[in-house]
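Visitor: prediction below, plus the sequence it came from.
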Amino acid sequence: DAMVIQNPRYQVTQFGKPVTLSCSQTLNHNVMYWYQQKSSQAPKLLFHYYDKDFNNEADTPDNFQSRRPNTSFCFLDIRSPGLGDAAMYLCATSRAGDSTETQYFGPGTRLLVL
Amino acid sequence: GEDVEQSLFLSVREGDSSVINCTYTDSSSTYLYWYKQEPGAGLQLLTYIFSNMDMKQDQRLTVLLNKKDKHLSLRIADTQTGDSAIYFCAERGSGTYKYIFGTGTRLKVLA
């Protein structure tokens, strides 16, 4: 089945230690998104890629970076995680040009910062 | 502004209908969506409605859209314990990929 996969599902890191979360998709969608979701809150968009074009949200901290080496994969790099970065990180994809442009979400990676 | 609001909690008895409400502010929204999130999981698309429609039915789910009042609702018929989750509405404006999510409604189904 076509899907959005996130690894790992749980990630523990230390304060200030760089961490990378990964997302892959078999949907062949050209748009990929990273969201941060804190407990009981709505997902907050960090950035998205339209093909190789990177689009950062104005309020996304510089501490968060992303890479998209090819259509299928997208990475979220947190350069120096702080305690406030502990959250669920959700990857989503969509196909630009589809009439509905529905976003399909992965299962998320829960990040714990010690 | 771009605020999408939902009531925080809803509790219903198993077998009853649930109605989850959402109000949005962007009148240019083309599509509106409902997602379900179970504990520790990602968001699962339930259904969506195009802004020129008033109603959409999909098995136990009925979506009503009142564009004049910018009000969206999701009705779940014959609610089951497996429907317990957080439900998010989301809007997408014309010419943008960006979703604006609602605050989420936590549905609790009592056996």
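Guide: Good, I have the coordinates.
Visitor: can we go C-alpha only for contacts and neighbour counts from here?
Guide: Will do.
Visitor: any low-confidence regions in chain A?
Guide: A:1-2 (pLDDT under 70).
Visitor: nearest residue to B:Ile86 other than its sequence neighbours?
Guide: The shortest distance from B:Ile86 to any non-neighbouring residue, by Cα to Cα, 6 or more residues apart in numbering or on different chains, is to B:Arg106 (4.2 Å).
Visitor: now the host helix or strand of the one you found: average pLDDT?
Guide: B:Arg106 belongs to strand B:105-110 when assigned by DSSP states H and E. For strand B:105-110, mean pLDDT rounds to 96.
Visitor: so what strands line up beside that strand?
Guide: strand B:9-13 (parallel), strand B:85-93 (antiparallel) (DSSP bridges).
Visitor: just say which of those strands is most tucked in.
Guide: When the strands paired with strand B:105-110 are scored by mean count of other Cα atoms under 10 Å in any protein chain shown, the highest mean neighbour count falls to strand B:85-93 (a mean of 24).
Visitor: list of residues touching that one?
Guide: A:42, B:4, B:20, B:22, B:24, B:26, B:28-39, B:98-108 (Cα atoms under 8 Å, 6 or more residues apart in numbering or on different chains).
Visitor: around chain A, pick out the residues from chain B.
Guide: B:31, B:40-45, B:50, B:88, B:97, B:101-104 (Cα under 8 Å from any Cα of the partner chain).
Visitor: cutoff 10 Å now
Guide: B:8, B:30-33, B:35, B:37, B:40-45, B:47-50, B:86-90, B:92, B:96-106 (Cα under 10 Å from any Cα of the partner chain).
Visitor: which residues does the residue of chain B found nearest chain A contact?
Guide: Of all residues in chain B, B:Gly42 sits closest to chain A, at 4.0 Å by Cα to the nearest Cα. Contact analysis of B:Gly42 by Cα atoms under 10 Å, 6 or more residues apart in numbering or on different chains lists A:6, A:37, A:88-92, A:104-109, B:35-36.
Visitor: residues contacting the residue nearest to A:Tyr89 when sequence neighbours are not counted?
Guide: Using Cα to Cα, 6+ apart and skipping the chain neighbours, the partner closest in space to A:Tyr89 is A:Gln36 (4.7 Å). In this structure, A:Gln36 makes contact with A:42-47, A:60, A:85-91, A:108-110, judged by Cα under 10 Å, 6+ apart.
Visitor: tally of neighbours for the residue of chain A found nearest chain B?
Guide: Nearest residue of chain A to chain B (Cα to the nearest Cα) works out as A:Pro107 at 4.0 Å. A:Pro107: 23 surrounding residues under other Cα atoms under 10 Å in any protein chain shown.
Visitor: same check on A:Cys74?
Guide: Neighbours around A:Cys74, by other Cα under 10 Å: 23.
Visitor: ok, the one 5 residues further on next?
Guide: With neighbours defined by other Cα under 10 Å, the count for A:Arg79 comes to 15.
Visitor: residues contacting it?
Guide: A:16-20, A:62-65.
Visitor: TSV for the residues you listed, including distance to chain B, secondary structure and neighbour count?
Guide: Listed next are these as TSV, based on distance: Cα to the nearest Cα, whole Å; DSSP: H, G, I helix; E, B strand; the rest coil; neighbours: other Cα atoms under 10 Å in any protein chain shown:
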residue	distance to chain B	secondary structure	neighbour count
A:Gly16	25	coil	14
A:Lys17	24	coil	13
A:Pro18	23	coil	13
A:Val19	20	strand	16
A:Thr20	18	strand	16
A:Asp62	20	coil	10
A:Asn63	22	coil	13
A:Phe64	19	strand	17
A:Gln65	19	strand	16
